[in-house]
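Engineer: Got a predicted model here, sequence first, then my questions.
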Amino acid sequence: MPAATVTTDAHANPISGTQESIARYDAALDRLLRFHPDVIAQTATLATDEPEFPMGHVLSAYLCLTSTDSHDLGPARAAAENLRDLTTNDRETAHSIAIDCWLSGDWHGASQALDSLLQQWPADLLALMIGHQLDFYLGDAANLRDRVGRSMLAIEPADPHHGFVRGMHAFGLEESGHYDMSEAAGLRALEVNPDDVWALHAVVHSYEMRGMVDDGIRFMRRRQADWADANFFTVHNWWHLCLYLLEAGHTRDALAIYDERIHHAGSDCVPLELLDASALLWRLMLDGEDTGDRFAALASAWEAHVGDAPWYAFNDLHAVMAFCGAGRLDDATAVVERLSAYVDAAPARSASNVAMTAEIGLPACRAALAFAEGRDDDVIAELVPIRAVLSHFGGSHAQRDALQRTVVEAALRSGQSNLARALLSERISLRDTSVYAWQRQSRLLRSSGDATGALAADATATALQARFAQAASEPAAGI
């Protein structure tokens, strides 16, 4: 093998390797920024063909870690060990430190290590993207926005990957509440790279947070060829379309998408896709929709991911949701007990996931189980104290809304009308186009004896559904 030389990658970051290995790394990074599945094979062959190339092992470790699947920890540790055996430059050593932090369970330490790395090499797009994903997993909305902002000026507009950086910024802006700015940034990113599925999903979020259901449906339908297939974000973006369709009253269409695109016999059954399936079925269950035997199949898929030591609380919750929806309450209880023992045994909440589980994951799992068992007062007791800080265990506003809706439903079912009134007023004040909120408002008013108010709320919900249904009925562009 030719002697390795120290040079720079496509973004002028120091890198140890041959020109060929660096070119292959740059190509794999381009695929990663596009969430393109080719990055898996490219990274695997790079690590095999170029075992002395540090950034190949860095990329391998990060791909495993960002899956949030405990099954991938073994390969991640192997990649980290290979990296430690090599002579690395300061940037590569900084990546090694971040990886070791993450593998040790210190997700926050890994995030901070990548922050420090980016201060010195702000154009390290691998560090930027992985740090951005970590911010998402940790629910750190401010850093989702600001980590990217701190690197923005270091990546020139002429850089072929500048648009992807803007797309990341769009999502950080959305999760931080800057919805108009998010939409603008995401659309600019898509002008450059129509296949930037992360930027597209940021725009989709910005419409959802503003209650722009018809705009969101039309946006996704118009661009369906850019996002609907052949990327790691395909399932998640179909999930977003389903959320819009539920608001529009097109439940059957949402279920058809679930069966064809979100979870079926040919699904990969990885946690990041399974949690979308759980989140959609849980919402349908809250809406009183018949989901058939879908929960049963989904719970079976989750079985392979609940036997190992806990790794990511957000996944654990969605496994419990699936078990509860399938009526497998003993299995849901077993997960809750395992998480409780995990928290009790940990020394002073030494790992990030221990803290996330103790603060949010465990009470959320207990609440899901209580809901399935009809213990609505217990649901409220578990979720109301944490509903303002649900972000502390990761996910997006849209994903965490399943828990917020669970509180609303429990308040309505238990007759806690004052709590239900407050929660619905809060929702409507933020999104007065929410069909879901107006339908629950009608239930609340009717149960309180206000038939006139209930009819008015029903009329509002019906009018909104009719408006949104027009967009939902339009065919996708080119279909």
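Structural biologist: Here it is on my side, so go on.

Engineer: which other helices and strands contact the lengthiest helix in the chain?
Structural biologist: The helix that spans the most residues within the chain, counting by DSSP state H, is helix 451-472. Other helices and strands packing on helix 451-472, by 3 or more Cβ pairs under 8 Å, 6 or more residues apart in numbering; DSSP states H and E, are helix 213-222, helix 234-247, helix 435-447. In short, each C-beta sits where N, CA and C put it, glycine included.

Engineer: For that helix, buried residues please.
Structural biologist: Of all the residues in helix 451-472, those buried under the rule 16 or more other Cβ atoms under 10 Å are 454, 457-458, 460-461, 464-465, 468-469, 471-472.

Engineer: In this protein, where is pLDDT below threshold?
Structural biologist: Under the criterion pLDDT under 70, the flagged ranges of the chain are 1-6, 348-350, 477-479.

Engineer: Show me the strands in this structure, by range?
Structural biologist: For the chain, strands defined by DSSP state E occupy the ranges 5-8, 14-17.

Engineer: which of the ones you listed is buried the deepest?
Structural biologist: A comparison of those by mean neighbour count, using mean count of other Cβ atoms under 10 Å, puts strand 14-17 on top with a mean of 22.

Engineer: The longest helix of the chain versus helix 435-447: what angle between them?
Structural biologist: 160 degrees (axes from the mean of the first three to the mean of the last three Cα atoms, to 10 degrees).

Engineer: And the contacts of helix 451-472?
Structural biologist: By Cβ atoms under 8 Å, 6 or more residues apart in numbering, the list of residues contacting helix 451-472 from outside reads 213-215, 217-218, 221, 244-245, 247-250, 253, 433-435, 438-439, 441-443, 445-446.

Engineer: What remains of those residues if I keep only buried residues?
Structural biologist: Using 16+ other Cβ under 10 Å, the buried members of the contacts of helix 451-472 are 213-215, 217-218, 221, 244-245, 247-250, 253, 433-435, 438-439, 441-443, 445.

Engineer: Correct me if wrong: Leu255 contacts Thr291.
Structural biologist: Yes - with contact defined as Cβ atoms under 8 Å, Leu255 reaches Thr291; the gap is 7.4 Å.

Engineer: Look at these two and report which has more neighbours.
Structural biologist: Relative neighbour count places Leu255 above the other of Leu255 and Thr291, with 22 against 19, counting by other Cβ atoms under 10 Å.

Engineer: wait, what's in contact with the more buried one?
Structural biologist: With the criterion set at Cβ under 8 Å, 6+ apart, Leu255 makes contact with 284, 289, 291, 294.

Engineer: which ones are touching the second one?
Structural biologist: Remark: with contacts taken as Cβ under 8 Å, 6+ apart, Glu289 is in contact with 251, 255.

Engineer: Who are the contact partners of the spatially most central residue of the chain?
Structural biologist: In the chain, the residue lying closest to the centroid (Cα atoms, centre = their mean) is Gly395, at 4.7 Å. Gly395 makes contact with 136, 139, 314, according to Cβ under 8 Å, 6+ apart.

Engineer: before we move on, back to that, CSV for the buried residues of helix 451-472, including distance to His95?
Structural biologist: Shown next, in CSV, are the buried residues of helix 451-472 (distance: Cβ to Cβ, whole Å):
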residue, distance to His95
Ala454, 58
Ala457, 54
Asp458, 56
Thr460, 53
Ala461, 51
Leu464, 49
Gln465, 50
Phe468, 46
Ala469, 49
Ala471, 45
Ala472, 45
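
Engineer: Could you find which two of the residues you listed are furthest from each other?
Structural biologist: Ala454 and Ala471 (26.9 Å; Cβ to Cβ).

Engineer: Was I right to think Asp331 contacts Ala322?
Structural biologist: No - counting by Cβ under 8 Å, Asp331 stays clear of Ala322, with 9.1 Å between them.

Engineer: Show me which of these two is the more surrounded one.
Structural biologist: Each of Asp331 and Ala322 has its neighbours counted (other Cβ under 10 Å); Ala322 has more, 32 against 19.

Engineer: Show the contacting residues for the more buried one.
Structural biologist: 274, 277-278, 281, 295, 298-299, 301-302.

Engineer: any idea which of those residues is closest to Leu86?
Structural biologist: Looking across those and measuring by Cβ to Cβ, the closest to Leu86 is Leu274, at 35.2 Å.

Engineer: my guess is the closest one meets His263, correct?
Structural biologist: Yes - using Cβ under 8 Å, Leu274 is in contact with His263, at 7.2 Å.

Engineer: which residues do those two both contact?
Structural biologist: What both Leu274 and His263 touch, as defined by Cβ under 8 Å, 6+ apart, is the set 298, 301.

Engineer: Would you reformat the contacts of Leu255 as CSV and include distance to Ile386?
Structural biologist: Converted to CSV, those look like this (distance: Cβ to Cβ, whole Å):
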residue, distance to Ile386
Leu284, 24
Glu289, 27
Thr291, 27
Arg294, 28
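
Engineer: Determine which two of these are furthest apart.
Structural biologist: Glu289 and Arg294 (10.5 Å).

Engineer: Distance-wise, check Asp331 relative to Leu339.
Structural biologist: 13 Å (Cβ to Cβ, to the nearest Å).

Engineer: swap in Thr68?
Structural biologist: 16 Å.

Engineer: Same question for Met220.
Structural biologist: In this view, Met220 and Leu339 are 35 Å apart by Cβ to Cβ.

Engineer: can you check Asp253 too?
Structural biologist: 36 Å.

Engineer: rewinding a little: wait, which of the contacts of Gly395 is closest to Leu153?
Structural biologist: Nearest to Leu153 out of the contacts of Gly395 is Phe136 (Cβ to Cβ; 22.7 Å).

Engineer: how far away is that closest one from Arg77?
Structural biologist: Between Phe136 and Arg77 the computed distance is 23 Å (Cβ to Cβ).

Engineer: The two: which is more packed in?
Structural biologist: Phe136 (21 against 15).

Engineer: Isn't the more buried one up against Leu144?
Structural biologist: Yes - applying Cβ under 8 Å, one finds Phe136 in contact with Leu144, separated by 6.3 Å.

Engineer: follow-up on the earlier one: I'd like to know which of the helices and strands packed on helix 451-472 lies nearest to Thr45.
Structural biologist: Ranking the helices and strands packed on helix 451-472 by proximity to Thr45 (Cβ to Cβ) places helix 234-247 first, at 23.5 Å.

Engineer: relative to helix 435-447, how tilted is that closest one?
Structural biologist: Per the same axes, to 10 degrees, the angle that helix 234-247 makes with helix 435-447 is 40 degrees.

Engineer: I'd like to check which residues are in contact with the nearest residue to Leu275 once chain neighbours are set aside.
Structural biologist: The shortest distance from Leu275 to any non-neighbouring residue, by Cβ to Cβ, 6 or more residues apart in numbering, is to His318 (3.9 Å). The contact partners of His318, by Cβ under 8 Å, 6+ apart, come to 271, 274-275, 278-279, 302.

Engineer: So which of those are in helices?
Structural biologist: Using DSSP H, these in helices are 271, 274-275, 278-279, 302.

Engineer: Asp85: which of those residues is nearest?
Structural biologist: Among the ones in helices among the contacts of His318, and counting by Cβ to Cβ, the member closest to Asp85 is Pro271, at 29.9 Å.
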